[in-house]
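In: Fold the following for me, if possible:
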Amino acid sequence: MSAIQKQAEEQGEVVRKMKEAIKADPASHSKEDLDKAVALLKELKAKADDPMNALEDPVTKGKYELVRSVGEECVADGELAMLLSKKPETFVLYDGFEPSGRMHIAQGVFKAMNVNKCTRAGGTFIFWVADWFALMNDKMGGDLHKIKVVGKYLVEVWKATGMDMDRVKFVWSSDEITNNATAYWTQALDVARRTTVARVKKCCQIMGRLENKLTAAQILYPLMQCTDIFFLKADICQLGVDQRKVNMLAREYCDSAGIKTKPIILSHHMLYGLKKGQEKMSKSDPDSAIFMEDTTEDVARKMNNAYCPSKPEEAEGTKDADAELDAGLESMHLTADALKNPCLDYVQHIIFSVPDASFEAGGKTYKDFTSVEADFLSGALPEAGLKEALVNAVNKLLDPVRKHFAEDANAKAILAQVMEWKRETLVPDKSLKRLAVAAEGPVCVVFAPLASAEVTLGSLLSTIAQLESAPAGQQAVLWCADWSAFALNACGGDAGAIRAALDLYVHALTAVKPDLMAKVKVLFQSEAILTDPSLYWISVINVGRTFQLQKIRDVDESNEYAGQVVASLMHVGDVLALAPASIACCPADKALMDLAVSYYTDTSITEIPTPTVNTVPAVASLLKPLHMLPEGPLNADDDLQILDQSMDVGRKMKRAFCEPANIEHCPPITLAEAVALRGGGSLTISRKPDNGGDKTYTTLADLQADFKSEALHPGDLKPTVTKALDAFLQPIRDRIKADAGAKKAEAGVKAYLKKVAAANKKKK
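Out: Next up, the predicted model:
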């Protein structure tokens, strides 16, 4: 207990005794005295609740100062203090890197020194080796083995630089994502369904892209980086300032997901590029930075040519207010720096990042950066002297690395292999990458509707019509996109309810159309993906690279969440996996199907045939014309559902719109055609002889003609259609009673509906 907490507790006891005394004798204390005591208690409690009180413990304070010195910014300092107090030896930090071949000095020396500070304070530092992402980005010719070797080379560099490896873990993303695909990708989908596209676009400076020129894949990257944080169970995100926005997204996700303990964001300084106007170093520009494998001559050349102003330079003209800004340069540095001198930046953040460092320049030994800066700005330390000293100091830091790769046999072999590959022209395999779902012969795919706990009869009838439309000689496949449904927040993002709803849907189809479903192959998206998750997601991301974000948004721009982008890209990945000859869909889904087909044409796919898209009219089970429906949610009796009991069907049909002679809007006729007349069936109207007697209809045209001429009255039509509907739904009820799987699915759906009802009641 801190001193301030003890004072608050003691003052609380004072207030309690005063109240007891006043209760026994109202004159024992004045109201003013009690009010003062209560006010003091409130003040002490507010101070006691300050998490920075944890720093009253000298050990915690020492750890805090060590870790905090790593970051140019910490979100939030109080949370960091509390973390170090509660988990002094078990807190976890993370950073990630893609093994792409080169390591600049900030990633090498600066990172090593920062890691050492964090581990010395008691933390475990996890490096997320993004070899899977390098594979996805076709680094090293898209060869995972080569990428892993490059990753091992970078680890050897850190060892030689002086990184203390005792509390450092290197976690390889290719292994972890593949071995834990369900945990990783459902986490990513959860982030997507809770985050708006507009918010994700703000993160895109981590790719250095203009927000209005994004591909759809550039929406995926921040979502995946956010996922990494939770997948690794990191307490602290220890990355550069340039990653701040996506790290903050992780904290915002916690608010949405109800996660109380948020990751702490400890953002380190971003080193300037060596050339004028370079806000950061670039691996694509070898002269923008010192790299860990640079020779002494390289270091001398780069430092002597480096931009090195002693006073701020005037801005070169004014920028057009409407000019596009590179999001990769926005907010790269959090502290004001008018000089932007990379040489001084190297002195401060590279040379003096080493414990007990000194800097020999101009015949003088400096023990701190401030003195170096002051002498340089005053002219006491000239530019030539500063640069000469920097060359010597940087080479001194790189010498152990050079020695390690010259003398250590393992490191030497790794470097030789990497250098050999660098001399080669590594050409990635550009053939179509897709998950291949096993199927015999040509396929006609029908996509099950978005999972819902309240499935309408119209939805079921529409799917039946699509399955029945499969061309002769093509295997009908029903694809149940459960992970896409999760991304789209179907069933409130309840994965169990989504699966139960889709299982129930398949059981319902099987119950009412057993002969049809005996010929249909039912596939669940998640089960197919998990046969080779790496290949599937690479195909999805490749789709995202091809399409501009706006093209994906055009499919359904009313959905503001990133889950819409992800689900749309997954849909194209699904089509590629299935390689269908044809797709049957309702008109409302045509845009999504056309998106998939456009990928074939845009990328000139030849490995699999381009599918034809056949639109099948949807069947509506709404019991009122659209213009009569209320705004907002439908009333319970406005539509028929597959779980309706006989009494539900009877009640709803009695209220169904059925205006005499009106065949434009006549739900009973629409439903009669779907459940009785379609496929060569018939509908027999039972009437008294005085009303025309019984009559059997075998065509929709005859039924409509009699109703339009009023030879058939609504009072005779509705009871007959009600019986036909009830008879159509009865096999579903029977299957639920007899089949354990169907019963379990129904129970899951009803449990979800009960939970939703309880939550809605609580809100009221």
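In: May I ask which helix or strand encompasses the residue nearest the centre of the chain?
Out: Central residue of the chain (CA atoms, centre = their mean): residue 223, 3.2 Å from the mean position. Using DSSP states H and E, residue 223 sits within helix 217-231.
In: list the contacts for the residue nearest to the centre of the chain?
Out: Contacts were defined as CB atoms under 8 Å, 6 or more residues apart in numbering; by that measure residue 223 touches 188, 191, 192, 195, 200, 562, 566. C-beta coordinates here come from the backbone N, C-alpha and C atoms, glycine included.
In: So which of those residues belong to helices?
Out: 188, 191, 192, 200, 562, 566 (DSSP state H).
In: pLDDT check: weakest of those?
Out: pLDDT is lowest at residue 200 among the ones in helices among the contacts of residue 223; the value there is 94.
In: Would you confirm that that residue contacts residue 222?
Out: Yes. Applying CB atoms under 8 Å, one finds residue 200 in contact with residue 222, separated by 5.3 Å.
In: Need the overlap of contacts for these two.
Out: Applying CB under 8 Å, 6+ apart, one finds that residue 200 and residue 222 are jointly contacted by residue 249.
In: the bottom helix or strand of the chain by mean pLDDT?
Out: When the helices and strands of the chain are compared on mean pLDDT, DSSP states H and E, helix 131-136 comes out lowest with a mean of 86.
In: next helix or strand past it?
Out: Using DSSP H and E, the helix or strand that follows helix 131-136 in sequence is helix 144-161.
In: In the stretch 501-650 of the chain, what residue spans correspond to strands?
Out: 521-524, 582-585, 612-615 (DSSP state E, counting those that start in this stretch).
In: circling back to that earlier point, just the mean pLDDT for the helix holding residue 223, thanks.
Out: For helix 217-231, mean pLDDT rounds to 94.
In: three-state assignment of residue 93?
Out: strand (DSSP: H, G, I helix; E, B strand; the rest coil).
In: shouldn't it be in contact with residue 121?
Out: No. Under the criterion of CB under 8 Å, residue 93 makes no contact with residue 121, lying 9.7 Å away.
In: Those two: who's more crowded?
Out: Remark: of residue 93 and residue 121, residue 93 carries more neighbours, 28 against 23, as counted by other CB atoms under 10 Å.
In: Could I get the full set of helices for the stretch 151-300 of the chain?
Out: 173-179, 181-194, 197-201, 217-231, 244-257, 296-304 (DSSP state H, counting those that start in this stretch).
In: if we compare the ones you listed, which one ends up closest to residue 679?
Out: Proximity to residue 679 (CB to CB) singles out helix 181-194 among the helices of the stretch 151-300 of the chain, at 38.6 Å.
In: Out of the strands of the stretch 501-650 of the chain, which one sits most buried?
Out: strand 582-585 (a mean of 24; mean count of other CB atoms under 10 Å).
In: Where does the prediction get shaky in the stretch 151-300 of the chain?
Out: Within the stretch 151-300 of the chain, the ranges that satisfy pLDDT under 70 run 205-212.
In: who touches residue 189 in this structure?
Out: Contacts for residue 189 (CB under 8 Å, 6+ apart) come out as 483, 486, 487, 563, 566.
In: do the same with residue 21
Out: By CB under 8 Å, 6+ apart, the residues touching residue 21 are 28, 29.
In: and it, what element?
Out: Residue 21 is part of helix 3-24, with elements assigned from DSSP H and E.
In: wait, residue 439 sits on residue 578?
Out: Yes. Counting by CB under 8 Å, residue 439 does reach residue 578; the two are 7.1 Å apart.
In: Now do the shared contacts for those two.
Out: In contact with both residue 439 and residue 578: residue 477, using CB under 8 Å, 6+ apart.
In: Compare those two (neighbour count), which wins?
Out: Here residue 439 and residue 578 are compared on neighbour count by other CB under 10 Å; more neighbours surround residue 578, at 25 against 16.
In: hey, which of the helices of the stretch 151-300 of the chain is tucked in deepest?
Out: Across these, the average number of neighbours (mean count of other CB under 10 Å) peaks for helix 217-231, which reaches a mean of 23.
In: got the angle between that one and helix 181-194?
Out: Helix 217-231 and helix 181-194 are oriented at 120 degrees to each other (axes from the mean of the first three to the mean of the last three CA atoms, to 10 degrees).
In: Extract the CA atoms of helix 217-231 and return them as PDB.
Out: Taking Å, rounded to 0.1, in the frame of the first residue of the first chain, the C-alpha atoms of helix 217-231 are listed here in PDB:
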ATOM      1  CA  ALA A 217      -5.000  -5.500 -49.300                       C
ATOM      2  CA  GLN A 218      -3.800  -2.400 -47.600                       C
ATOM      3  CA  ILE A 219      -6.800  -2.500 -45.400                       C
ATOM      4  CA  LEU A 220      -5.900  -6.100 -44.400                       C
ATOM      5  CA  TYR A 221      -2.300  -5.300 -43.200                       C
ATOM      6  CA  PRO A 222      -3.300  -3.100 -40.200                       C
ATOM      7  CA  LEU A 223      -5.900  -5.600 -39.200                       C
ATOM      8  CA  MET A 224      -3.300  -8.300 -39.200                       C
ATOM      9  CA  GLN A 225      -0.800  -6.300 -37.300                       C
ATOM     10  CA  CYS A 226      -3.400  -5.500 -34.700                       C
ATOM     11  CA  THR A 227      -4.100  -9.200 -34.500                       C
ATOM     12  CA  ASP A 228      -0.400 -10.000 -33.900                       C
ATOM     13  CA  ILE A 229      -0.600  -8.000 -30.600                       C
ATOM     14  CA  PHE A 230      -3.400 -10.100 -29.100                       C
ATOM     15  CA  PHE A 231      -2.200 -13.400 -30.700                       C
END
